[in-house]
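**Student:** model the following, please.
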Amino acid sequence: MGKDKALLKLHNSYLIDYPIKALQQLTADVRIVGDPEKYGFLKLPVIPDCIESKGPLSGIYSALKASSSLLNLIVGCDMPRISLSFLKLLLGKTLLGDAVMMKFDDGFCEPLCSLYSKACLQVIEENFRQHQYKISEVFSSLKVAYVSEEEITTLGLSREIFTNVNTPEDWERLRAENRRES
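**Tutor:** Predicted coordinates:
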């Protein structure tokens with residue numbers, strides 16, 4: 001992206017504010033993984049990466065390592081359309097796996113808006129020892145439960161709730177969509 005996407009402004013809110021607000025409807029214990037100096041102004045606990053960042057898996061690992069909770073919702077900082085009803089759907093499947101995530105009909109999984117148990121720590125650590133840093137490489141060693149596309153459609157949701165920003169083009173597309181919706 002070239003800049004900190006969490007701090008991009010959309011409708012006078014930072015992108016990171018949207019998932020924070022959704023999570024705060026479920027729990028008062030919302031934390032940010034990142035640089036405390038950069039995100040401290042948000043007035044939430046900020047957990048620095050506990051290892052050298054090797055991508056999103058490092059952030060998930062840092063969050064799980066710092067958490068005192070057995071189960072943890074992990075949501076990307078750049079998902080302004082995330083839905084409270086989807087987060088509740090994830091929580092409803094907590095007993096079904098070490099991780100719970102969205103799996104679309106085309107096979108794509110959304111690991112950055114998922115539920116992870118502390119049981120994932122050991123598997124992630126083993127992957128790091130083997131220099132495997134992709135989130136998808138962890139799943140084969142975990143019991144993963146999935147939310148189906150049919151389940152979110154039943155809630156009146158679509159893939160759009162996972163809209164995120166990885167490139168300047170994604171950012172411009174999101175801004176244009178929001179102007180049309182306003």
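
**Student:** what bridges to the residue most central in space within the chain?
**Tutor:** The centroid of the chain falls nearest to Val75 when counting by Cα atoms, centre = their mean (2.1 Å). In this entry, Val75 is beta-bridged to Cys113, by DSSP bridges.

**Student:** give the contact list for it.
**Tutor:** Contact analysis of Val75 by Cβ atoms under 8 Å, 6 or more residues apart in numbering lists 19, 22-23, 82, 87, 112-113. (C-beta placed from N, C-alpha, C; glycine too.)

**Student:** in helices, which of those residues fall?
**Tutor:** 19, 22-23, 87 (DSSP state H).

**Student:** out of the residues you listed, grab the one that's most surrounded.
**Tutor:** Pro19 (25 neighbours; other Cβ atoms under 10 Å).

**Student:** how close does it get to Leu95?
**Tutor:** As judged by Cβ to Cβ, to the nearest Å, Pro19 and Leu95 stand 24 Å apart.

**Student:** next: Glu37.
**Tutor:** 39 Å.

**Student:** what's the helix or strand of the chain at the bottom of the mean pLDDT ranking packed up against?
**Tutor:** Ranked by mean pLDDT, DSSP states H and E, the weakest helix or strand in the chain is helix 168-181, scoring a mean of 87. Judged by 3 or more Cβ pairs under 8 Å, 6 or more residues apart in numbering; DSSP states H and E, helix 168-181 is in contact with strand 9-10.
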